[in-house]
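**Q** Mind looking at a prediction? Sequence and model below.
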There are 2 protein chains.
Amino acid sequence: MRRLSHYLRFLDEFESAGATTVSSDDLAGKGGMTSAQVRKDLSRFGSFGKRGLGYPVDELRDRLRKILGLDRRWRVCLVGAGRLGAALYQYEGFHRQGFDFVAVFDRDPAKIGRRWGSLQVEDVARLAKVVGERRIEMGVIVTPHESAQDVSDQLIEAGVEAILNFAPRKLVVPRGVTLRDVNLAIEMEGLSFALTHAGEIMTAG
Amino acid sequence: MRRLSHYLRFLDEFESAGATTVSSDDLAGKGGMTSAQVRKDLSRFGSFGKRGLGYPVDELRDRLRKILGLDRRWRVCLVGAGRLGAALYQYEGFHRQGFDFVAVFDRDPAKIGRRWGSLQVEDVARLAKVVGERRIEMGVIVTPHESAQDVSDQLIEAGVEAILNFAPRKLVVPRGVTLRDVNLAIEMEGLSFALTHAGEIMTAG
DNA sequence: GAATGCTTGTGAAAAAAGTCACAAATACGA
DNA sequence: TCGTATTTGTGACTTTTTTCACAAGCATTC
C-alpha cells in the first residue's frame, strides 16, 4: 500500500496547518483520490476514526508510522559510491523517516577508503562481513547494471531481506526477499509515451 | 503501460544474445509475468507476431520504441542544480533513450553561472524565456519541496506538458499535463512495510 | 434530551486487470 | 503435400481494485 505513505505526508501537512482532526475527504482531496478509497485503505488496518468527526491527526499519524514500520530505525547499506549513491546518501528524507546508512561499498580501488560523512567507502568484497557485523537490514543498489545481480545475490546471501534497486536491470530474488525497483529511464519514457499519445483515448497510461 | 518499457529492455537483451525472434513466453520469463499478459499488452497496439514463430526482435523493438515515443529526441530541462540533479544530469541512460538536457536552472546565486558539461546553470527567473527559446518539452524537478509547486506552475505556464518530479510533495497540475512522481523516501517505506509485515498474509503489498 | 448535521465503516455493485484456454496461422520435417 | 509442433490473438472467465450508497455513531445545538 503505497498510498499509506502518501496519507502520512498529508497528515504532516495538516498537522503543520494546525488541524487536530481530518476527514477522509480532506485526505482524499490532497491526493486526488476518493474519500471511500481512503476509508477502505485505513480500515484494512483497524478502525481509527470517529464517526461524525473524522480521524485524529496525531494518533492516525502514529498508527500509520507503526503500520509502515517507521516507529523504529533501519540499518541500510549503499552499494555503489557513484554520483547517484552520493545524492541518496545525502538525501535527508531518508534519515528523517528512520533510515540510516551504516555502510557504503564500492568495487573501485580509487573510491575505497574515501570518507563519506562519518563513514568510509569499503571494498564490496567485505560486504558479507560488514552486513553481518553491523546487522544491516536493507540494501540500496546503485551500481552499474552489470554488477547489480551479483551485488543483489551477495546482499541476500549475507542476510539482507529488502533491496531497493536503482540499476536498470530486472533482478531475480528468491521468494521472501522484498525487491523494489526505481528505473529512472522508465519514468522518463512514461512522459514521452504520454506526450506521444496525447489526445488519444487511452484506457491505461 | 510501464511494462512496455520493460519489454523493450528485454528485447535488447535478447538481441545481444543473438536472438532474431522471441516468443511471448520468453519475454514473460524475463519479467516474471505470464505470456498471456505479454500478448495482451502488445496486441493493444497492433499485431506484431507470427503464429508458430513469435515476434521478430528487431521489428518489435522498433515498434515499441515508436509506441513509447522513443523514435525521436526530447528536449528536457532540469530545475535544481543540487546533488540529485547532478546525478541525473550525468546519468547516461537518459541520453541513450533520447532525452537531452538542454538547460539547468537554480535559484542559488552561488550555483548560477557554473558550467555543467556543455551547459551553464541559469537563474530560474529566466525559466520561461529559456523554455520558449529552446523549445523545451519536459521538465525534471529536483528542487527542495518548498519550491516544487512554484517551479511546476512556471514550467506549465511556459508550455511544458510533461513533468518528472523528485520533490517529495504532491503537485497539482492542470488536466492535460502529464506528471510523474519519484519519491525516494516512499520507495524505502515500501521496504520497511514489507519487512514489518513479513509472514502476514497480505493481499496487497 | 431530542433533533440535526457530519463522517465513518462496510456490504454490494461496477470497473479494471489479469488468467485461461483454444481456434487460427505458421514453420518444419518426413 | 501432409502432419505435427509451435505460438499468436482473443473471447470468456476470474480475481482484484475501485466506487457507490447507506446504516450506525458521534458532536453540537436548541
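**A** Thanks, I have the structure now.

**Q** State the distance from A:D12 to DNA strand D.
**A** 23 Å (CB to the nearest atom of the strand, to the nearest Å). For the C-beta atoms, the positions are set from N, CA and C on the backbone; glycine is no exception.

**Q** Check the spacing between the nearest residue to that residue once chain neighbours are set aside and A:Y55 real quick.
**A** Once flanking residues are discounted, A:D12 sits nearest to A:R61: 7.2 Å by CB to CB, 6 or more residues apart in numbering or on different chains. For A:R61, the distance to A:Y55 (CB to CB, to the nearest Å) stands at 9 Å.

**Q** who's more crowded, these two?
**A** Counted by other CB atoms under 10 Å in any protein chain shown, A:R61 and A:Y55 do not tie: A:Y55 has more neighbours, with 25 against 20.

**Q** residues in contact with the more buried one?
**A** Counting by CB atoms under 8 Å, 6 or more residues apart in numbering or on different chains, A:Y55 makes contact with A:T21, A:V22, A:S23, A:S24, A:L27, A:L42, A:F48, A:G49.

**Q** Quick one: those residues as TSV, columns for distance to B:K170 and neighbour count too.
**A** Converted to TSV, these look like this (distance: CB to CB, whole Å; neighbours: other CB atoms under 10 Å in any protein chain shown):
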residue	distance to B:K170	neighbour count
A:T21	21	16
A:V22	15	25
A:S23	18	16
A:S24	16	22
A:L27	11	25
A:L42	18	23
A:F48	21	15
A:G49	22	20
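
**Q** Can you list which of these are found in helices?
**A** Members of the contacts of A:Y55 lying in helices (criterion: DSSP state H): A:S24, A:L27, A:L42.

**Q** what's the nearest residue to A:W74 if we skip its chain neighbours?
**A** A:F99 (5.1 Å).

**Q** surely that neighbour meets B:M188?
**A** Yes - between A:F99 and B:M188 there is a contact under CB atoms under 8 Å: 5.4 Å.

**Q** what touches both of those two?
**A** Common neighbours of A:F99 and B:M188 (CB under 8 Å, 6+ apart) are A:V76, A:M138.

**Q** Quick one: the strands in chain A, in order.
**A** A:21-22, A:55-56, A:74-79, A:99-106, A:115-116, A:119-123, A:138-141, A:162-165, A:178-181 (DSSP state E).

**Q** Residue numbers of chain A in contact with DNA strand D?
**A** Residues of chain A lying close to DNA strand D by CB under 7 Å from any atom of the strand are A:M33, A:T34, A:A36, A:Q37, A:R39, A:K40, A:K50, A:R51, A:G52, A:L53.

**Q** wait, the last one sits on A:T21?
**A** Yes - in this structure, A:L53 is within contact of A:T21 by CB under 8 Å, at 5.8 Å.

**Q** Now do the helices in chain A.
**A** Under DSSP H, chain A gives helices at A:2-16, A:24-31, A:35-43, A:57-67, A:83-90, A:92-97, A:127-133, A:145-157, A:184-196.
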